[in-house]
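# sequence and computational prediction follow.
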Amino acid sequence: MASICNRVGSYLPSLSFKNVERAIMAGIAVQSLCMGGIPMLIAEAGAYYFGRKYLMADELPAQFPLVAGLPTRLDVSARLNVPAETPTKIIWSGNSCFCSSALWSFFASQPVALGELPEAISRRLNTADLFPGGLHPSDEQTAPLCAIVEIVNKREPITLGDFNRLRQSLQQFEVYGFPIGANERNLKALLSLLELHDLIREYQTGKPMKGERINSLREMVFRVDPNFRDTGTRIGDAHEVFQPLANLIFEGSRFEQNLHTTRVGQGQHLTEVRPNWGDIALPMPMPIVSGQKPTLQSIFEEYLAPSKPVKIELGDAHTSYMLKETNQFETAPQFLALTLKRGDVAMVEDTDYKMGESTDFKFKAVQAMNMDEVDVRSRLDLDGRFCRDGRKARYELVSVSRHMGSFAHYDAISRGPKGSWNYCNDLKKEGSVYRFEASDIPKYAETGYMFFFRRVG
């Protein structure tokens, strides 16, 4: 039964293992009632329960020993397509705009993310990482564990059908609980990556998607980041959706490197090294009296090498030191994701106001974000002094996610593979995606929230 359910599930990815099993058992029950009545139904149900409880429990150790460290290869069916020139429309559905914006501006539009996501899944297909304590499933956990270990131990390339079976099996663990000896954190991370892969494949069909489907990004994030602040009284934050999932994609990849932070002064020399693939949260600068807009370039460089000493507390007595700080990448990242920390907002609902053509709700900002304008150019330079290898790099803007201030809504612009720009907004009826003039980018980007750059040259 376990094999049948998992095989059926691989061809019908919308059905879970549990639903397939229920459907099969319902058919058997109807047949039993028609042919032999209630006595036959009771007898067959008892036989199935006995076999599921006692026979399947012995199936796992005999057939699926743990084999650690097998190289994982991906079949072409498991890989994602390059982005389409025109993004897929998304139809707004109850505070889904921040998820839509993250999808439009990064997950579904950037080749670096689309190419690395299947690789990130394959890197996690290692039984030593997933089941470091061995295999100790309960009765309900045996069938999904059989499917997972069978796929992880495969010597043939991993296919899209294998991805679907893995996702459905891991979803069963969320229902029945994770087995003793399993690394729950790694299994949850694998499940979120598989669900993101499935979401993007649906997006790449080009058919308009509803916000309810896009909102599944919330669950993916919450699974790997329990501190994800997503409540009914707070506007969701696009960066809080983007960052945890992007970190999962690039963790252990060729894009991941270290950011070195050095602080010196007053007899102190402190060095902190932390993984970073190019994701930087930038503080908003203080307002300038003259009214001159700060540039994103200057804000970025001020973060890497602050002009003023930073206050650091050390020791049990919390002694304060004013130290000069410098941040350096090991080498120039292939991709930069710069987020301006504009503040926070909360959501209130007004059903007496009709907004657009798709909803009867209006959102007001309880705590307004800092919407000061910033001068954003299409190019960004990384000076060699900010890289430990001394090599400088230049980047080009490829997408922007924008928060619309007191309107409490997200939209996005993104560049297609052929160079055309598109504006994306899920608030309009049936979703809104249309061509965007490159000459309008500076005006749009001056109140942007997340900026994505790719390295050129």
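Cool, the structure landed. Residues are numbered from 1 along each chain as shown.
# wait, a strand at Asn370?
No. Looking at Asn370 with DSSP: H, G, I helix; E, B strand; the rest coil, it is coil, so not inside a strand.
# start at 25 instead
From this message on, residue numbering opens at 25, which makes the last subject Asn394.
# gap between it and Phe266?
19 Å (CB to CB, to the nearest Å). The way it works is simple: take the backbone N, C-alpha and C, and place the C-beta from them, glycine included.
# more neighbours: those two, which one.
Phe266 (26 against 14; other CB atoms under 10 Å).
# how far does the helix or strand hosting the more buried one sit from the chain's center?
For Phe266, the enclosing helix or strand under DSSP states H and E is helix 262-274. Centroid separation between helix 262-274 and its chain, computed with CA atoms, centre = their mean, to the nearest Å, is 5 Å.
# show me what the helix or strand following that helix is packed up against.
Following helix 262-274 in sequence order, the next helix or strand is strand 281-289 (DSSP H and E). Counting contacts by 3 or more CB pairs under 8 Å, 6 or more residues apart in numbering; DSSP states H and E, strand 281-289 is packed against strand 292-300, strand 343-353.
# angle of strand 281-289 against strand 343-353?
140 degrees (axes from the mean of the first three to the mean of the last three CA atoms, to 10 degrees).
# quick one: mean pLDDT for strand 281-289?
Mean pLDDT, computed over strand 281-289, is 92.
# just the CA coordinates of it, formatted as PDB?
Provided in PDB are the C-alpha atoms of strand 281-289 (Å, rounded to 0.1, in the frame of the first residue of the first chain):
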ATOM      1  CA  GLN A 281      31.100  33.200   1.300                       C
ATOM      2  CA  ASN A 282      32.000  35.200   4.500                       C
ATOM      3  CA  LEU A 283      31.700  38.800   5.500                       C
ATOM      4  CA  HIS A 284      34.500  39.900   7.700                       C
ATOM      5  CA  THR A 285      33.700  42.700  10.200                       C
ATOM      6  CA  THR A 286      36.800  44.300  11.800                       C
ATOM      7  CA  ARG A 287      36.600  46.800  14.700                       C
ATOM      8  CA  VAL A 288      39.700  48.600  16.000                       C
ATOM      9  CA  GLY A 289      40.500  51.400  18.400                       C
END
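# which strands border it, and is each parallel or antiparallel?
strand 292-300 (antiparallel), strand 343-353 (antiparallel) (DSSP bridges).
# could I get these as CSV with mean pLDDT and distance to Ile437?
Formatted as CSV, the strands paired with strand 281-289 follow (pLDDT from 0 to 100; distance: least, CB to CB, whole Å):
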stretch, mean pLDDT, distance to Ile437
strand 292-300, 90, 25
strand 343-353, 87, 27
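# pick the most deeply packed of those.
Stretch with highest mean neighbour count among the strands paired with strand 281-289: strand 343-353 (a mean of 16; mean count of other CB atoms under 10 Å).
# gap between it and the chain center?
Taking mean C-alpha positions (CA atoms, centre = their mean), strand 343-353 and its chain are 32 Å apart.
# so what touches it?
Contact partners of strand 343-353, identified using CB atoms under 8 Å, 6 or more residues apart in numbering, comprise 281-290, 292, 294, 300, 302, 327-330, 333-338, 406, 409-412.
# what about burial for these, which qualify?
Among those, those scoring as buried are 281-285, 287, 300, 302, 327-328, 336, 406, 410-411 (criterion: 16 or more other CB atoms under 10 Å).
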